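Chemist: below is the sequence, then the predicted model.
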Amino acid sequence: MLRTFYSDFRNYLKSTGFKIGVIVIFGYVTFFSAVMALLYRIALHDIVPAEDVLCSYCDMAAFLITGSTLLMFATDYSNGTIRNKILSGAKRSEIYLSAIFTGILISLIYSAIAIVFELGFALVLSDGLAILTVSEEAGICLQYMISSMAIGAFSTMLVMVLGGLRISYFAGLVFAFVCNIISSEVADKLYPQEGPVMITGARLFLYTAYDRFMPYAHFQQFQRWPFSSYVIGSAVMIAISILVGLIIFERKEIR
Amino acid sequence: METIFKTDNLCKKYGKFTALSNLDLEIPKGSIYGFVGKNGAGKTTLIRILCGLQAPTSGSFTLMGKSFNDKTIHKERRRIGAVVETPAIFKDMSARDNLIQQYIMLGLPDLNGIDELLDLVGLANTGKKKARNFSLGMKQRLGLAMALCGNPDFIILDEPTNGLDPQGIIEIRELIIRLNREKGITFLISSHILDELARIATHYGFIDKGHIVRQMSAEELRAECRKSVRMNVADVKILSKIMEEKGIEYNIIDDHNAEVYTDITFSEIAEAFAKENCIIYTMGEHEESLEAFYMSLLGGRENA
């Protein structure tokens, strides 16, 4: 499996999609940080705290990772290079697992690049952390990375199972969008700006479980749950992506 | 006869549509197998099954002696190179990088042989140019080079001359013949350019509506595509009378044309026609092409 994994990873690093992904991250983090710095300067006559710059990747992480993994593996189908993998003597399970691990690694690399850019801008534009300690901020960065890996695995599963069809783009991006909306709704209900939490019973249980374990909900400025919750949620999503995808991909008809 | 690929009552259905129906085919080891059939006849479906991209609905096949349900058949596929439909290449990479990628996938220990392969397919001077910017012919050559990585024993080429210029077609043809003769590589070539296929194939398989209509060697085909003399005369009735008298086999094409299947002496025939006061306008040697044979095999022009 390692040779397929290495070739997948090498392919991605050499692809235009990867370079575009890095440019998008840089552009977004630059734009977000500049806007935050300007808003603080103009509206509050203050310097932006590092926490606000360090969360710039949160809003786009799910979409960027979903889009880039979908693009990479859909290209594998459209170029026909998936056939080369099968003809190279690799088992289907090896090809699938290699794709999942590549998706996870790509997501990890994107997150790391985003954090490096954010740190750079935080050093230039802010006077440092205002509320959190360095270890707390490091924990949040790690949480982003772990959640990114889970989303990378899930979107790779989608494209591998759907065979690079356009519906895989639609399904992946719509899923990320819907999860983003649900995350906002859950945050509004569980952490209201004013007053107590108004939801109870099964709804409270579901909202809490979503907030605690769903990787798409983990791109937050502050940690709300123990770190182990984020790890468990992401691990479950990766495990589901591997198991479901393996069963389907083993039987999949490839054109 | 040792076979490299053999099917037994192979069937493939997509819902209600039957793409392959009880297909029996044998590809002899060391042959150049010309796979002939119209669009939708089932050629690509069979190639996909052979390559492990799809599974048969029923029936069985053996690839290099391994049964299709053998758990280790994927290892045999390492010995196959293929260009199915379109060349499977990494468009963001140069030709050299594409071959490195293929070498990695095959787990080859070093990159020796890449320059030789690039030279072989005429892509040695493409430098860092990305495959995305290659012409169709260059992509086809690169696909072929990728299929050749790792010295395969069996190469599957679906329309290998697609997009190539006449010079390129000649080069690819010579390359296939050379690889077949020098390295003993077996080829399965699906092509619509039948005359081109006729120049290289040692065996043929004619497929129609999902089943093999006929399998034959090039020698058998040559025997069937026999030579004839095509005559254009004023009156075929007189031609018919003369041929009957001389006991020569013939076939009337229309009111003025007929095929005569024998080595005939022009002066002798001319004399016979002169006696009957019938004019011979033209007379020339004619050989039935693979295309004509294919047409007759599949029941006429409506199948073409």
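Modeler: Thanks, I have it. None of these values were measured; they are calculated from a predicted model. Residues are numbered from 1 along each chain as shown, chains lettered A, B, ... in the order given.

Chemist: where do the helices sit along the stretch 201-304 of chain B?
Modeler: B:218-224, B:236-246, B:266-275, B:290-297 (DSSP state H, counting those that start in this stretch).

Chemist: same check, this time on the stretch 51-200 of chain B
Modeler: B:73-76, B:95-106, B:114-120, B:136-148, B:166-183, B:194-200.

Chemist: could I get those helices as JSON lines with mean neighbour count and mean pLDDT?
Modeler: C-beta coordinates here come from the backbone N, C-alpha and C atoms, glycine included. Listed next are the helices of the stretch 51-200 of chain B as JSON lines, based on neighbours: other Cβ atoms under 10 Å in any protein chain shown; pLDDT from 0 to 100:
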{"stretch": "helix B:73-76", "mean neighbour count": "17", "mean pLDDT": "84"}
{"stretch": "helix B:95-106", "mean neighbour count": "23", "mean pLDDT": "92"}
{"stretch": "helix B:114-120", "mean neighbour count": "16", "mean pLDDT": "89"}
{"stretch": "helix B:136-148", "mean neighbour count": "23", "mean pLDDT": "88"}
{"stretch": "helix B:166-183", "mean neighbour count": "15", "mean pLDDT": "86"}
{"stretch": "helix B:194-200", "mean neighbour count": "18", "mean pLDDT": "83"}
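
Chemist: need these in a markdown table with distance to A:Val174, can you?
Modeler: A markdown table is the format used below for these (distance: least, Cβ to Cβ, whole Å):
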| stretch | distance to A:Val174 |
| --- | --- |
| helix B:73-76 | 35 |
| helix B:95-106 | 32 |
| helix B:114-120 | 43 |
| helix B:136-148 | 34 |
| helix B:166-183 | 45 |
| helix B:194-200 | 48 |
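
Chemist: contacting residues around the residue nearest the centre of chain B?
Modeler: What sits nearest the mean C-alpha location of chain B, by Cα atoms, centre = their mean, is B:Gly34, with 2.8 Å. When contacts are counted by Cβ atoms under 8 Å, 6 or more residues apart in numbering or on different chains, B:Gly34 touches B:Ile189, B:Ser191, B:Leu197, B:Ala198, B:Ile200, B:Ala201, B:His203, B:Tyr204, B:Gly205.

Chemist: so which of these reach chain A?
Modeler: Among the contacts of B:Gly34, none lies close to chain A by the criterion of Cβ under 8 Å from any Cβ of the partner chain.

Chemist: return the member of those nearest to chain A.
Modeler: Nearest to chain A out of the contacts of B:Gly34 is B:Ile189 (Cβ to the nearest Cβ; 16.6 Å).

Chemist: for the nearest residue to the closest one once chain neighbours are set aside, list each beta-bridge partner.
Modeler: The shortest distance from B:Ile189 to any non-neighbouring residue, by Cβ to Cβ, 6 or more residues apart in numbering or on different chains, is to B:Leu157 (4.8 Å). Beta-bridge partners of B:Leu157, counted by DSSP bridges, are B:Val83, B:Ile189.

Chemist: could you check how far B:Leu157 is from chain A?
Modeler: 13 Å (Cβ to the nearest Cβ, to the nearest Å).

Chemist: report the secondary structure state of the residue nearest to the centre of chain B.
Modeler: B:Gly34 falls in the strand class when you classify it by DSSP: H, G, I helix; E, B strand; the rest coil.

Chemist: and it, what's its pLDDT?
Modeler: B:Gly34 carries a pLDDT value of 91.

Chemist: please tell me how far it sits from B:Asp254.
Modeler: From B:Gly34 across to B:Asp254, the span is 31 Å (Cβ to Cβ, to the nearest Å).

Chemist: and if you look at B:Pro109?
Modeler: On the measure of Cβ to Cβ, B:Pro109 and B:Asp254 end up 66 Å apart.

Chemist: and A:Phe249, that's in a helix?
Modeler: Yes - counting by three-state DSSP, A:Phe249 is located in a helix.

Chemist: for it, what are its contacts?
Modeler: A:Arg92, A:Ser93, A:Ile95, A:Tyr96, A:Met160, A:Val161.

Chemist: ok, and the closest non-adjacent residue to it?
Modeler: Going by Cβ to Cβ, 6+ apart, A:Phe249 has A:Tyr96 as its nearest residue, at 4.4 Å.

Chemist: secondary structure element for A:Val35?
Modeler: Per DSSP states H and E: A:Val35 is located in helix A:16-39.

Chemist: ok now the helix or strand just after that helix, how far from the chain's centre?
Modeler: Scanning forward in sequence from helix A:16-39 by DSSP H and E, the next helix or strand is helix A:50-54. Distance of helix A:50-54 from the chain centroid (Cα atoms, centre = their mean, to the nearest Å) equals 18 Å.

Chemist: which residues sit against helix A:50-54?
Modeler: A:32-33, A:36-37, A:40, A:115, A:118-119, A:121-122, A:125-132, A:137, A:140-141, A:221.

Chemist: do you know how far B:Ala272 is from B:Ile242?
Modeler: B:Ala272 is 5 Å from B:Ile242, by Cβ to Cβ.

Chemist: tabulate the helices of the stretch 201-304 of chain B in TSV, adding columns for mean pLDDT.
Modeler: TSV is the format used below for the helices of the stretch 201-304 of chain B (pLDDT from 0 to 100):
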stretch	mean pLDDT
helix B:218-224	79
helix B:236-246	89
helix B:266-275	86
helix B:290-297	76
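
Chemist: looking at these, which is nearest to A:Ile106?
Modeler: Taking Cβ to Cβ as the criterion, helix B:290-297 is the member of those that comes nearest to A:Ile106, at 49.0 Å.

Chemist: average pLDDT for the one helix or strand A:Ala235 maps to, rounded please.
Modeler: Using DSSP H and E, A:Ala235 falls within helix A:227-251. Summarised as a single mean, pLDDT over helix A:227-251 is 93.

Chemist: and the helices in the stretch 151-255 of chain A?
Modeler: Using DSSP H, counting those that start in this stretch, helices in the stretch 151-255 of chain A cover A:166-190, A:201-213, A:227-251.

Chemist: I'd like the ones you listed as JSON lines, with distance to A:Ile106 appended.
Modeler: Listed next are the helices of the stretch 151-255 of chain A as JSON lines, based on distance: least, Cβ to Cβ, whole Å:
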{"stretch": "helix A:166-190", "distance to A:Ile106": "14"}
{"stretch": "helix A:201-213", "distance to A:Ile106": "23"}
{"stretch": "helix A:227-251", "distance to A:Ile106": "14"}
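
Chemist: just give the number of residues close to the residue nearest to B:Ile189.
Modeler: 25 (other Cβ atoms under 10 Å in any protein chain shown).

Chemist: follow-up on the earlier one: the closest residue to the residue nearest to the centre of chain B other than its chain neighbours: neighbour count?
Modeler: Once flanking residues are discounted, B:Gly34 sits nearest to B:Ala201: 3.3 Å by Cβ to Cβ, 6+ apart. Using other Cβ under 10 Å, B:Ala201 has 24 other residues around it.

Chemist: test my guess that B:Ala201 contacts B:Phe35.
Modeler: No - the criterion here is Cβ atoms under 8 Å, and B:Ala201 misses it with B:Phe35 at 9.0 Å.

Chemist: mind putting the contacts of A:Phe249 in CSV, pLDDT and neighbour count included?
Modeler: Formatted as CSV, the contacts of A:Phe249 follow (pLDDT from 0 to 100; neighbours: other Cβ atoms under 10 Å in any protein chain shown):
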residue, pLDDT, neighbour count
A:Arg92, 90, 17
A:Ser93, 92, 14
A:Ile95, 92, 24
A:Tyr96, 94, 26
A:Met160, 90, 27
A:Val161, 90, 19
